[in-house]
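> Could you look at this predicted model? Sequence included:
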Amino acid sequence: MRKTLALSLTLCIFLLCFAGCSGYEGKISQENQTHCATFTFDSFAGTRTVKLKRSGLGDGQFYYRAELTEGSMTVSYKMGWFDEQWPLFYAEAGTPLDSCGHYIWDGSIFITFASDVPISGTIIISFVPLKK
């Protein structure tokens, strides 16, 4: 009886963990170039973290461009899985954003896109200045 109860409680805990996992709805596509990535969102809602590789550039900063046609979202980053998450920018539909900032170094970085409402549009994350 105790084993059955323990097994049932363990199963419930695992189910709760999986139910709490942050996912997303809609579509998100990623097109990688040499030193940047373009993300296209189509009715995206939720949270998604992607890993980008920065190499051969030395220390520097992010450059980003956001053109959302629907909704709003926050974009944040961290340098490693166990590092602290830092805000990168907040983007809204109808308000194009083209800026830079935040000191980074070579290696992998993790970009997190988060939105509570469906968003559509494009976001470019670059490690070199973006052409106008």
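Thanks, I have it. Residues are numbered from 1 along each chain as shown.
> Pick out the residue nearest the middle of this protein.
Thr112 (2.1 Å; Cα atoms, centre = their mean).
> so who does that residue touch?
Thr47, Arg48, Thr49, Val75, Ser76, Tyr77, Lys78, Gln85 (Cβ atoms under 8 Å, 6 or more residues apart in numbering). Where C-beta positions appear, they are placed from N, C-alpha and C, glycine not excepted.
> Among these, which lie within strands?
Taking DSSP state E, the ones among the contacts of Thr112 that sit in strands are Thr47, Arg48, Thr49, Val75, Ser76, Tyr77, Lys78.
> Which of those sits closest to Gly58?
Tyr77 (17.9 Å; Cβ to Cβ).
> Bridged to the closest one, which residues?
Taking DSSP bridges as the rule, Tyr77 bridges to Trp86, Ile111.
> so what pLDDT did it get?
At Tyr77, the pLDDT value in this model is 91.
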